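>>> Model the following, please.
(chains A, B, C and D)
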4 protein chains.
Amino acid sequence: MPIRATVWGENVHEQTSRSVAQIYPRGMHAQIAAVLAEDPNIVASTVTLQDPEHGMTEAKLDETDVLLWWGHAAHEDVDDSIVQRIVERVWQGMGLIVLHSGHLSKVFTRLMGSPCLLHWREAGERERLWVVNPGHPIAKGLPRYFELENEEMYGEPFGVPEPLETILVSWFQGGEAFRSGLTYRRGAGNIFYFRPGHETYPTYHDANVGIVLRNAVTWAYNSERYPEVLTAPNTRIEKSIEKLVERGARLEKHPH
Amino acid sequence: MPIRATVWGENVHEQTSRSVAQIYPRGMHAQIAAVLAEDPNIVASTVTLQDPEHGMTEAKLDETDVLLWWGHAAHEDVDDSIVQRIVERVWQGMGLIVLHSGHLSKVFTRLMGSPCLLHWREAGERERLWVVNPGHPIAKGLPRYFELENEEMYGEPFGVPEPLETILVSWFQGGEAFRSGLTYRRGAGNIFYFRPGHETYPTYHDANVGIVLRNAVTWAYNSERYPEVLTAPNTRIEKSIEKLVERGARLEKHPH
Amino acid sequence: MPIRATVWGENVHEQTSRSVAQIYPRGMHAQIAAVLAEDPNIVASTVTLQDPEHGMTEAKLDETDVLLWWGHAAHEDVDDSIVQRIVERVWQGMGLIVLHSGHLSKVFTRLMGSPCLLHWREAGERERLWVVNPGHPIAKGLPRYFELENEEMYGEPFGVPEPLETILVSWFQGGEAFRSGLTYRRGAGNIFYFRPGHETYPTYHDANVGIVLRNAVTWAYNSERYPEVLTAPNTRIEKSIEKLVERGARLEKHPH
Amino acid sequence: MPIRATVWGENVHEQTSRSVAQIYPRGMHAQIAAVLAEDPNIVASTVTLQDPEHGMTEAKLDETDVLLWWGHAAHEDVDDSIVQRIVERVWQGMGLIVLHSGHLSKVFTRLMGSPCLLHWREAGERERLWVVNPGHPIAKGLPRYFELENEEMYGEPFGVPEPLETILVSWFQGGEAFRSGLTYRRGAGNIFYFRPGHETYPTYHDANVGIVLRNAVTWAYNSERYPEVLTAPNTRIEKSIEKLVERGARLEKHPH
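As a prediction, the model looks like this:
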């Protein structure tokens, strides 16, 4: 059974910027989904901010193994209750790939517990991504480095927690360096942050970016769900594994 | 200059439970502050939930190097705007020690981005804490293990992110094991979670618990503050470090 | 194509101790291999210390995707050049599962760069292993905890580096706790340390131990090899990606 | 009491290269020690490869809180028994700062358990070091970035284990990026790898490099020593914390 990837697109600049629409005539989300679908083990669908419940209905999340998130201009328009719903799905085992300016999405900042801010510059400069962890599944099939001739610059310090592993580090023409591929786990959910993807450049048409995205979906996939991460069971004294005799005061009311 | 530690106490069970009031007649927060003050390099003060702004005014936070947080019954009564204020202070470099049932406080769960749930049992059973990282500053002066004759049990899985370092692991009489001392950094803020401290037992009168608390305050202390973690500066093209010529389309309006 | 797992057995106590021989009449390595072979995606073979080159010939390593290592009494009998050969294979991407007393094997201590020592007691006591990271692939299909009625005790502090992730923590009847399932990466090689497996008890006949072993092999498997991790290429100035003019003194002789 | 830092210098190129001797007339080690001594809380001394026992006598190590290691051309000339002695000191709590080409020293590679190789180019190009973890003690007082106008390039992948924390990332004029400041702990010993310091350039005369070195010494310092990390005590059954009755077979001979 293939992995079911859902691409969430903000779909704002595609409607308001001619440059963006020219590069992504069917929307960035559609292009990202097309790139994923090159892997026969992935089936990709898309939803957007404008869909009912932003496309993130319980039914859609039931059919989502890995969620990819691209947003920029409208982070605040995403409803808090939908954010909470998505966060809880991640905790239970849904994979999450956060793309580029999604670093400031509500979903990502709530999962990171950190400001997630950074320096930036929109100059169409060259970015070169270096693989620092070649044995990691997300780097499989990548060359030692790859280039994006035009990208937005993101500069350190990037206000995220220390990752589980750093996979990619970027060099920018204007003089900055940046940690561009970072893994996390929250609850049972695997999370990957991938830096490139500014809407005015054809990043999601790049072959190496496609390799990273497909690898990341495969890596983030977890076939199981863990609803118990949302519970806090009381282990009854009389059912303790090793025999116990209750001692001292307690707050909890006795059950009978 | 000594480290200024502020102990935040929920101060609910001290008023409603005779057992708690007997062990902590001036409140748990007062006892924790007294334990900290045994270190001449620490000055400790207390605030409680019932104080105006829960005691967490901007003025008080200005005078706080490290915050200790004990809460249990009234997590939901802590105002969201105060929580946000505290979280932003941590990001800027204030240390944070989260105690026992504080694992479900709004402050901790927002910083962790994880459910932070666990299994539990209130039976007054024996807990034995093992030092797994003896060279860490928080373990300095501790024996190889220490015991609390009566404690609440917390059982795995503990729904927190993988820590920077695991310092302590607990053994429980009833058969469970638990990661009891965990370090994190969020933004510039050092965070330590320390498991013991159930209100119906005299945990904060224990000598080894005192060592951990004083060590943790010393470890979490950062003399600097980093307000820039709350900013996302645009690095102007004309001021780029390496000379750049703008290329491609951009969304940002030109600055004239 | 199935994963090719090779089980390395020291095969000493099976020959000298009647108790061990009764539990593992064909050797511990044979039983471990049988347990792995229950997964149709794994083919398992065995080698022992007594084989030529300890069974770790270049040819055998060429056919090994994941190596499992059980040793105890004869760590010093393993030839240093063979150890180096195995270590370099791990760096290039071969998976490694280190079992029980293998914590003091030359292979493991050289990969960890740490003393790897611990406290111990051979009393046939009860061990209970708790899953602390239920979403990790190595924990897939495990119950919340499982028990081994008779095991050797290993006590903290365990002198290993902070792991990438802690998967299992043990509770011992005699009062100790221990980090029992730890992941590492060295070069491109995935490494898992799994605590249980004392030779005088039937640990490798336990169903949950079998789940862990099969999961660990699947997790550690990397289809690629990375011989370049053993090289340190000089990037010629005239071939630099961004054009460079040499400046300053240098040690390296000019190439003509 | 000030921290006692010992700078270990290979002291080979200072004798054979006029360029190196001009920049470091008293040796690189002497300059590094001078930089450290700017901090009144540090006293710095030097030893070199050519000293008896390479200067690393037991007596000298007894007086060393933090060791700094610079080597390049003569790694293989360092005696294995001295390496083992130093490694064991680190495990017991001595701090270690490994500088530049020390990445291939026996001391560092044995502590890392990894190949530690990298790409390189000696062109005197510009290096710009970015602080990615501004709240870390090693970054205290640093600007957001600092530059070294002439340095050797080191390129990824750098064959080291995933660090506890990444502090600095470098940008190189020729197009590479590199993780330049990494922390580790092995046993009780704090370890910091710091990339810059090629012998033909005046790196150790740079003010910001001095800040990093002094901060790193302060961070790595541990006032305690932990000789017990070199022991593996048998916990006698009759002295177990929780009462035990021996069960099953055992290998260990009974004590009487």
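>>> When you work out contacts or count neighbours from here on, use the C-alpha atoms and nothing else.
Noted.
>>> so where's chain A uncertain?
Residues of chain A meeting the criterion pLDDT under 70: A:254-256.
>>> As a check, name the ranges of all helices in it.
Assigned by DSSP state H, chain A shows helices spanning A:13-16, A:18-23, A:28-36, A:58-62, A:80-91, A:106-112, A:207-220.
>>> how about the residues of the stretch 51-200 of chain A near chain D?
Proximity of the stretch 51-200 of chain A to chain D, by CA under 8 Å from any CA of the partner chain, involves residues A:128, A:130-134, A:144, A:156-158, A:162, A:165-166, A:169-171, A:175-178.
>>> Quick one, which of those residues are buried?
Buried subset of those (neighbour count, 16 or more other CA atoms under 10 Å in any protein chain shown): A:128, A:130-134, A:156-158, A:162, A:165-166, A:169-171, A:175-178.
>>> residue ranges for the strands of the stretch 101-250 of chain A, please.
Ranges of strands in the stretch 101-250 of chain A, per DSSP state E, counting those that start in this stretch, are A:119-131, A:145-155, A:165-172, A:177-186, A:189-194.
>>> Ok, which of the ones you listed comes nearest A:Val217?
strand A:189-194 (9.0 Å; CA to CA).
>>> on that earlier part again, among the buried ones among the residues of the stretch 51-200 of chain A next to chain D, which are within reach of chain B?
Within the set of these, contact with chain B (CA under 8 Å from any CA) is found for A:Glu162, A:Gly175.
>>> Just give the nearest non-adjacent residue to A:Leu36, would you?
In this structure, A:Leu36 finds its nearest non-sequential neighbour in A:Arg214, 5.5 Å apart by CA to CA, 6 or more residues apart in numbering or on different chains.
>>> how close does the residue lying closest to A:Val90 once chain neighbours are set aside sit to chain D?
Nearest residue to A:Val90, sequence neighbours excluded (CA to CA, 6+ apart): A:Gly189, at 4.7 Å. Remark: distance between A:Gly189 and chain D (CA to the nearest CA, to the nearest Å) = 21 Å.
>>> what pairs with A:Gly189 across the strands?
The partner list for A:Gly189 in beta bridges (DSSP bridges) reads A:Arg186.
>>> give me every residue that touches it.
Contacts for A:Gly189 (CA atoms under 8 Å, 6 or more residues apart in numbering or on different chains) come out as A:Arg89, A:Val90, A:Trp91, A:Gln92, A:Gly93, A:Met94, A:Gly95, A:Leu96, A:Ala220, A:Asn222, C:Gly135.
>>> hang on, the earlier thing: how about the strands of the stretch 101-250 of chain A in a markdown table, adding distance to D:Gly248?
As requested, those are exported to a markdown table (distance: least, CA to CA, whole Å):
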| stretch | distance to D:Gly248 |
| --- | --- |
| strand A:119-131 | 51 |
| strand A:145-155 | 57 |
| strand A:165-172 | 43 |
| strand A:177-186 | 41 |
| strand A:189-194 | 42 |
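>>> which residues does the residue lying closest to A:Tyr226 once chain neighbours are set aside contact?
Taking CA to CA, 6+ apart, and ignoring the residues beside it in sequence, A:Tyr226 has A:Gln92 as its nearest neighbour in space, at 4.6 Å. By CA under 8 Å, 6+ apart, A:Gln92 lies in contact with A:Gly187, A:Ala188, A:Gly189, A:Arg225, A:Tyr226, A:Pro227, A:Glu228, A:Val229, A:Leu230.
>>> Buried ones only from these, please, as a ChimeraX command.
Entered in ChimeraX, the line below selects the buried ones among these, by 16+ other CA under 10 Å:
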select /A:187,188,189,225,226,229,230
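>>> burial count for A:Asn234?
Around A:Asn234 there are 14 other residues, counting by other CA atoms under 10 Å in any protein chain shown.
>>> contacting residues around it?
Applying CA under 8 Å, 6+ apart, the residues near A:Asn234 are B:His119, B:Trp120, B:Arg121.
>>> What is the burial count for the nearest residue to it once chain neighbours are set aside?
Spatially, and ignoring its direct neighbours in sequence, A:Asn234 is nearest to B:Trp120 (5.1 Å; CA to CA, 6+ apart). By the measure other CA under 10 Å, the count of residues near B:Trp120 is 18.
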